[in-house]
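Peer 1: Provided below for reference: sequence and predicted model.
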Amino acid sequence: MASDAKLSLRKDLARELGADSVVDSEQVGPYCHDAAIQRGLRGVPDAVVRPADAAGVARALRWCYRHDCSVVPRGGGTGLVGGAVAVDGGVVVSVERLNAVRGVYPELGRMYVQAAVSTANVSRLARESGLMFPPDPGAAAQSQIGGNVATNAGGPHAFKYGPTRRWVSGLEVALAPGELAVLGSDARKDASGYDLVGLLAGSEGTLGIVTAVQLRLAPAPATVSPGVVFCSTAAAQGLLSDVLGSGLQLAVLDFIDAPAFALARGSYPGAEVPRGEDNGTDDGFAFLVELDGSATAVAEQRSELAAIVGAHGAHLDGDFDQAQLWRWRDGLNGVIAGIRGGKVSEDICVPAERLLEALAGVQAIGSELGLEACAWGHAGDGIVHATYLVDTADGEEVDRALDAGRRALSLALALGGSITGEHGVGVVKRDLLGANWDAATLAAHGHVKAALDPKGLLNPGKKEPLGGWNAPQLQPQPAHRIDGRSC
Ligand SMILES: Cc1cc2nc3c(=O)[nH]c(=O)nc-3n(C[C@H](O)[C@H](O)[C@H](O)COP(=O)(O)OP(=O)(O)OC[C@H]3O[C@@H](n4cnc5c(N)ncnc54)[C@H](O)[C@@H]3O)c2cc1C
């Protein structure tokens, strides 16, 4: 859009929403990217608005709908797939001023917050009330609860407690063409309508703009006990399958593969990560576990887990400070990126019983393309952060790593998995969206989008196949996989 047209757009929006709700053109820099800037992804919006309240968000949407302007909802800007980036211009609607806590009710296990309250603050408020908000995505200090809903964010504790959706009982949301709606209720069960809360969760700003969230909180466990299981790569799949099959309710079942562990081990504060030495075999594969519950239940789980682990010739080490272990785990991303200056990581998800196949595939892709590869993630949920180390000054190597990332996404599909388990699709993964869906599934997605956003103005192109839902430019597989095999 030409600069005089942008000026007139900003003036119109200022008249509609108030001058303090429109960001000056010199201040839009931070709104031109999200965490996908690591891939060089940027987009300059035609305007950025930051309405003062939910009604203002609905008015902004109504104005855009009336004027056929696209709308890019924005939360904390920590997304890794460009979802909050105005790649084709449009009006960025940032909910950043909607940061009030409407109420915390520990006795009812409920919290009502506006969309821009940070994930870390939601967790802190729950903790201070003696309760727990289980979702624990990595960028908690900056990501917002509205963004967490929009991406259905997960984290290590999603294995036991599920992703954000599971803790949302209701939403206040601006829907096209610009109306506020309240979805869900305080009732624990509501069978009256379609699950619109579920539909909005993970919709990446393509179906509506979340302005407030009703959250459920869980009782805080009396005892939390971390541990690390060290085993050989060869034993890891059998061990994982036996833990999953045992019915043990671990709070966390993460993994760090042997190459990643070797790279990150020395960054453990004060020392190397302690580990069961040294039986002369490859025991560099690590599972990070956490047990929670009553002291008795945790002790019982620990001895059951130790027995399973021991049967695989592995070792469960429980001698860890929980906070220190998680600080180290949270820092893994940065430590590994720092080794050669950068990395390309893709979040893929495979059936847990095929985790080690996926990890072997990630390595094979790296070898074929001459790249150092490693992976870590959430073993219990089959989520793999497939990672290729690069020197960011070497453009050719970065291109090779991006190619490796694409191949890792295809690998996930070939294993009956998904191109994303956590971070979403945004613009970055559009070309593969729906590649393993049948035609009816693709069409159903298109119908949902058309019903809730008939003009296609809400975050256009995001979470949508290239070419659109009606003419996707991809090759859907003939049959959907439900058991890891074609049927
Ligand atoms: C270091 C790091 C670690 C991370 N770790 C995890 C992790 O463990 N698990 C995980 O799931 N993700 C993780 N992420 C990705 C990211 O933090 C999550 O996707 C997060 O939920 C995004 O929230 P946000 O508020 O930053 O949203 P944004 O980045 O602003 O937006 C993300 C998407 O949601 C939409 N959106 C944002 N707010 C709203 C709203 N109010 N209404 C409607 N749509 C909206 C946007 O349009 C966009 O499509 C990580 C990112 C980083 C940088």
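Peer 2: Noted; the coordinates are in hand.
Peer 1: please enumerate the helices of the chain.
Peer 2: Taking DSSP state H as the test, the helices found in the chain are 3-17, 54-66, 119-128, 145-151, 158-161, 196-200, 233-246, 258-264, 295-311, 322-340, 355-369, 395-414, 439-452.
Peer 1: quick check, the shortest one touching the ligand?
Peer 2: No: for helix 158-161 and the ligand, the contact criterion (CB under 6 Å from any ligand atom) is not met; the two come no nearer than 8.1 Å. C-betas here are computed from N, CA, C, even on glycine.
Peer 1: same for that helix, what does it pack against?
Peer 2: strand 252-256 (3 or more CB pairs under 8 Å, 6 or more residues apart in numbering; DSSP states H and E).
Peer 1: so which bits of the stretch 51-200 of the chain are right by the ligand?
Peer 2: 73-80, 83-84, 95, 115, 137-139, 143-144, 146-148, 150-151, 153-155.
Peer 1: redo that, cut-off 8 Å
Peer 2: Residues of the stretch 51-200 of the chain found near the ligand (CB under 8 Å from any ligand atom) are 72-81, 83-84, 95, 98, 115-116, 119, 136-139, 142-156, 163-164, 173, 200.
Peer 1: filter these down to the buried ones.
Peer 2: 72-81, 83-84, 95, 98, 115-116, 119, 136-139, 143-156, 163-164, 173, 200 (16 or more other CB atoms under 10 Å).
Peer 1: spatially nearest residue to residue 198, not counting backbone neighbours?
Peer 2: residue 165 (6.2 Å; CB to CB, 6 or more residues apart in numbering).
Peer 1: go on, residue 213?
Peer 2: That would be residue 145: by CB to CB, 6+ apart, it lies 5.2 Å from residue 213.
Peer 1: residue 421 now?
Peer 2: Distance criterion CB to CB, 6+ apart; nearest residue to residue 421, sequence neighbours excluded, is residue 349 at 3.0 Å.
Peer 1: so who does that neighbour touch?
Peer 2: 381-384, 412, 417-418, 420-422 (CB atoms under 8 Å, 6 or more residues apart in numbering).
Peer 1: got it, and residue 345?
Peer 2: 333, 385-388, 405.
Peer 1: dump these to TSV, plus distance to the ligand.
Peer 2: As requested, the contacts of residue 345 are exported to TSV (distance: CB to the nearest ligand atom, whole Å):
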residue	distance to the ligand
333	6
385	9
386	15
387	13
388	17
405	16
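Peer 1: below-threshold pLDDT in the stretch 1-150 of the chain: ranges please.
Peer 2: Applying pLDDT under 70 to the stretch 1-150 of the chain picks out no residues at all.
Peer 1: and the closest residue to the ligand within the stretch 201-350 of the chain, how many neighbours?
Peer 2: Distances between the stretch 201-350 of the chain and the ligand by CB to the nearest ligand atom are smallest at residue 205, namely 2.7 Å. Using other CB atoms under 10 Å, the number of residues around residue 205 comes to 27.
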